[in-house]
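Q: Give me a model of this one.
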Amino acid sequence: MTRQIKRALIPGYGKRGMGWLHPKRAMYNRVYRRTTFGVGDVARVLSGTKTGKRRTGSSPAAPAAHRPTRAERSQQLKLRLSVLSETEQQEVDDYVLPRMPKKRTAYILCILTGLLGGHRYYLKSYISGVLMAILLLVSPVLTLIWWLIDLIRLSGMVDDRVLDLTDEIITTIEKRHLEAAGMGLSDTSSTVSESSSTVAAEIPVEAWYPADTEKFQRNEVETEFLRQLYRQVKEAGLSPSLVEVQRLSDGTLKCTYGEEEMGRVRLQKRKHTLTYWQDGTETVLERELPDFLPHLATWIEHIN
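A: Model prediction:
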């Protein structure tokens, strides 16, 4: 009732941006917002969600970067793993299995030494483990809240650690592929004709390689991408002779199978993108070659 009366009598009361009418109250509110936090703020910080500052301007906020969920990461790793050979898949197992944390052990450590961050040390989160132990001396109540949140999220934290280990070894193998491709090209002559003949020997499809232009020439990253695409086409039982690669005006490689477009990839200069279709929806990724290789399976599914 009091606020309704003030709104009727005082112009601008209760409206945003009218703090100059009440400078003392505006200063108090500003200090209050910057120095006060609640349980919800602590939970968002501990869960990794960033709290944005209050915007006073009229300009729209920049869109937040999409952070893949655990299910999306798992699916991406499965696709990247399917591209590897059997020997490399065995290498992934030999790396991950001995280092994979056990959920039972993690729960035992969380219950017995959780307030000191013992479970986080077990999951190789050393910095947050030290912070948790220090916070116990400063504020036992906040530490107890943090411990309860970790106890609820512990199963997912273990899964995230397994995904991190898998991503580490797959990334190492993919970098090894790129280095091998670079070493193979470094032994050839710098002329375009000799480079083309060397690549043609690796992938026997002449139509796959568009002619170089003054602005765009074939590079090692494109060569590795086409080599992986050729491998996927062969493993799917398709005919490599039906694949055609065209270079567009912006340096993008447009790959078609017969009359059906498989997808597009741009591996020139700094901005690398890959376009693929899934369930009738076009998706454009702006990442690097190791992130593009798992989506070659989507290209194959699209033309099938």
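Q: who's in contact with residue 107?
A: 119, 154 (Cβ atoms under 8 Å, 6 or more residues apart in numbering). In short, each C-beta sits where N, CA and C put it, glycine included.
Q: Residues touching whichever strand or helix holds residue 302, excluding its own?
A: Element membership for residue 302 (DSSP states H and E) is helix 296-303. Contact with helix 296-303 is made by 79, 82-83, 228-229, 232-233, 236, 238, 255, 257-258, 260, 262-263, 276-278, as judged by Cβ under 8 Å, 6+ apart.
Q: Please spell out the PyMOL selection for the buried subset of those residues.
A: This is the PyMOL syntax for the buried subset of the contacts of helix 296-303, where burial follows 16 or more other Cβ atoms under 10 Å:
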select buried, resi 83+228+229+232+233+238+255+257+262+263+276+277
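Q: Now go through the contacts of helix 296-303 and say which are in helices.
A: By the criterion of DSSP state H, membership of those in helices covers 79, 82, 83, 228, 229, 232, 233.
Q: Okay, the spatially closest residue to the second one that is not a sequence neighbour and residue 280: tell me how far apart.
A: Distances taken as Cβ to Cβ, 6 or more residues apart in numbering put residue 297 closest to residue 82, at 6.4 Å, once the chain neighbours are dropped. Taken as Cβ to Cβ, to the nearest Å, the spacing of residue 297 relative to residue 280 amounts to 17 Å.
Q: Mind checking which of those two has more residues around it?
A: Using other Cβ atoms under 10 Å as the criterion, residue 297 and residue 280 rank with residue 297 on top: 18 against 6.
Q: Just name the shakiest helix or strand of this protein by mean pLDDT.
A: Counting by mean pLDDT, DSSP states H and E, the chain has its least confident helix or strand at helix 192-202, which shows a mean of 41.
Q: Residue 88: neighbour count?
A: Residue 88, neighbours per other Cβ under 10 Å, totals 16.
Q: what's the answer for the one 5 residues further on, then?
A: Burial measure for residue 93: 13 neighbouring residues, criterion other Cβ under 10 Å.
Q: Tell me which helix or strand it sits in.
A: Residue 93 belongs to helix 86-99, assigned by DSSP H and E.
Q: tell me the mean pLDDT over that helix?
A: The average pLDDT within helix 86-99 is 89.
Q: what does it contact?
A: Contacts of helix 86-99 (Cβ under 8 Å, 6+ apart): 81, 84, 162, 165, 166, 168, 169, 170, 173.
Q: follow-up on the earlier one: just the closest of the ones in helices among the contacts of helix 296-303 to residue 32, please.
A: residue 79 (49.1 Å; Cβ to Cβ).
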